[in-house]
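Enquirer: No sequence on hand, only this structure:
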C-alpha cells in the first residue's frame, strides 16, 4: 500500500509563505506529477512529504498514519533526486545496496533485491563499475535502482531527468513509465516539463505561487482547463488568448484557442492576417501571423506546409474547441 493524504499543508520561510494550504489525496498505485513554473512550490511540497522539510502546519498521512513528526528514514519513502548522489568510490552494486546495509538488512536480502532491481533496469553488465565509468542515463538508473531495493510505500522523484540530454530524457521517461507498470507502485514526480507530465502521469497537480490551480488527468487539463493559468501552462505551443470584445463576445472576458485547433487557407477564412514567422519542424509547421482582430496568433499544422513570412493567409478556428474565461480568469463552462 502507498496512499497519501495531505491536509492544509502550509510552509513558510520567515515571512514568505511558499505553500498556501495544500489539500491532496494520492491513491495507492497512482502516478501523480506536480508541475508548475520555477518557484511555484512543487519541490518544497515533495520535500515536506519526504520529511526533508518540516511543514509549518498541516497533516501528512501515509497509508492513513500521520507522519508529520516521523523522520524521513521511517516514512517508508524512497527519493530520486535531480543529482544522482552516488558514492564515487563504490561500485554500482554497492551503491544500490548501501541503504539496505545501513538499515541492517542481511546479506542475502541485499543480494536478492539488488539482483532483482538490476535486471529490471538492465544494469547487470555494469554492477562492478563505478559511477565515473557510467553515462548520465546509467547513473540515473542506478539512483532509481537504489530506491527500488528499499521497496518503499512511496517513490518520490525530484526532476530526475533534468541533467540528461534530449534523447536520454525520452529513453529514461519510457523506462520510468514501464517501471511504474511493473511495480504498480505509488509514484510522486516533480517536473517543470509539461511533456513529462502529460506523458507519464495518471494525475497531474498544477501549482502556481504555492497553491493548487487544478488536479486532473492529462487530457482533462488539456480539454477542460479550470482557468487561464492552466490553459496557458498545459499545451505546446501555448494556447492563444484573445480579448473577447474583439470577437464580439459578451459573455466572456477572454477567448482561448489552441494552435492545433486553427486551420489556414490562402483563399478565405475567419481572420485575415500576415505571416510573421514560420517554424518548419518536419512533423509540424508552426505559423505565427498577425491579424487585425486577434493580434499575434500561433497556428500548429500537421506535417510540412509551404507558408513563408509576409504571406497573406486566412485563419479559421474550430468553434467547438474555443475556451471562454471570465474577468477573474476562471473557465466558463457551457
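Expert: Now that the structure is in, tell me what you want to look at. Everything numeric in this text was worked out from a predicted model, so none of it was measured.
Enquirer: make it CA atoms for all contacts and neighbour counts henceforth
Expert: OK.
Enquirer: Kindly provide the distance from residue 214 to residue 23.
Expert: 11 Å (Cα to Cα, to the nearest Å).
Enquirer: Same question for residue 282.
Expert: Counting by Cα to Cα - residue 282 and residue 23 are separated by 43 Å.
Enquirer: Looking at the two, which is more packed in?
Expert: residue 23 (16 against 10; other Cα atoms under 10 Å).
Enquirer: show me the contacts for the more buried one.
Expert: Residues near residue 23 by Cα atoms under 8 Å, 6 or more residues apart in numbering: 5-9.
Enquirer: what's the closest of these to residue 105?
Expert: Residue 105 lies nearest to residue 5 out of the contacts of residue 23, by Cα to Cα, at 29.4 Å.
Enquirer: Now do the SS call for residue 140.
Expert: Here residue 140 is recorded as helix under DSSP: H, G, I helix; E, B strand; the rest coil.
Enquirer: Quick one: neighbours of it, just the number.
Expert: Count around residue 140 with other Cα under 10 Å applied: 24.
Enquirer: Assign a three-state SS to the residue nearest to it when sequence neighbours are not counted, would you?
Expert: Nearest residue to residue 140 in three dimensions, chain neighbours excluded: residue 84, at 5.9 Å (Cα to Cα, 6 or more residues apart in numbering). Secondary structure state of residue 84, per three-state DSSP, is coil.
Enquirer: separation between residue 84 and residue 134?
Expert: With Cα to Cα as the criterion, residue 84 and residue 134 are 12 Å apart.
Enquirer: If you count surrounding residues, which of those two has more?
Expert: residue 84 (18 against 14).
Enquirer: Number of residues surrounding the closest residue to residue 131 other than its chain neighbours?
Expert: Spatial nearest neighbour of residue 131, excluding adjacent residues (Cα to Cα, 6+ apart): residue 88 at 5.6 Å. A total of 12 residues lie near residue 88 under the criterion other Cα under 10 Å.
Enquirer: now swap in residue 296 and tell me
Expert: Residue 296 has 17 nearby residues by other Cα under 10 Å.
Enquirer: next one: residue 307
Expert: Neighbours of residue 307 using other Cα under 10 Å come to 19.
Enquirer: quick one: the strands in the stretch 51-200 of the chain?
Expert: 57-62, 65-66, 77-80, 154-158, 186-191 (DSSP state E, counting those that start in this stretch).
Enquirer: Need those strands in JSON lines (columns: mean pLDDT).
Expert: Converted to JSON lines, those look like this (pLDDT from 0 to 100):
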{"stretch": "strand 57-62", "mean pLDDT": "96"}
{"stretch": "strand 65-66", "mean pLDDT": "94"}
{"stretch": "strand 77-80", "mean pLDDT": "89"}
{"stretch": "strand 154-158", "mean pLDDT": "92"}
{"stretch": "strand 186-191", "mean pLDDT": "94"}
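Enquirer: Could I get the ones you listed in a markdown table, plus columns for mean neighbour count?
Expert: A markdown table is the format used below for the strands of the stretch 51-200 of the chain (neighbours: other Cα atoms under 10 Å):
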| stretch | mean neighbour count |
| --- | --- |
| strand 57-62 | 19 |
| strand 65-66 | 14 |
| strand 77-80 | 23 |
| strand 154-158 | 24 |
| strand 186-191 | 24 |
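Enquirer: Let me know which of those strands is the nearest to residue 27.
Expert: That would be strand 186-191 among the strands of the stretch 51-200 of the chain, by Cα to Cα, at 7.6 Å.
Enquirer: Break this structure down into its domains, please.
Expert: The record's domain parsing of the chain by automatic domain parsing lists 28-55+67-230, 241-325.
Enquirer: tally of neighbours for residue 250?
Expert: Residue 250, neighbours per other Cα under 10 Å, totals 8.
Enquirer: Kindly confirm my reading that residue 242 is in a strand.
Expert: Yes: counting by three-state DSSP, residue 242 falls inside a strand.
Enquirer: what about the closest residue to residue 168 other than its chain neighbours, how many neighbours?
Expert: Nearest in space to residue 168, with sequence neighbours left out and distances taken as Cα to Cα, 6+ apart, is residue 137 at 6.3 Å. When neighbours are defined as other Cα under 10 Å, residue 137 has 19 of them.
Enquirer: Give me the distance between residue 137 and residue 160.
Expert: In terms of Cα to Cα, residue 137 sits 10 Å off from residue 160.
Enquirer: same question, residue 45
Expert: For residue 45 relative to residue 160 (Cα to Cα), the value is 16 Å.
Enquirer: Any stretches of the stretch 101-250 of the chain with poor pLDDT?
Expert: For the stretch 101-250 of the chain, no stretch has pLDDT under 70.
Enquirer: picking up where we left off before, surely the residue nearest to residue 168 and residue 170 touch.
Expert: No: shown here, residue 137 and residue 170 do not form a contact pair, counting by Cα atoms under 8 Å, at 10.5 Å.
Enquirer: what sits against residue 165?
Expert: Residue 165 touches nothing, counting by Cα under 8 Å, 6+ apart.
Enquirer: related to what we said a few turns ago, nearest to residue 16, of the domains of the chain?
Expert: Of these, nearest to residue 16 by Cα to Cα is domain 28-55+67-230, at 10.5 Å.
Enquirer: Many thanks, have a good one.
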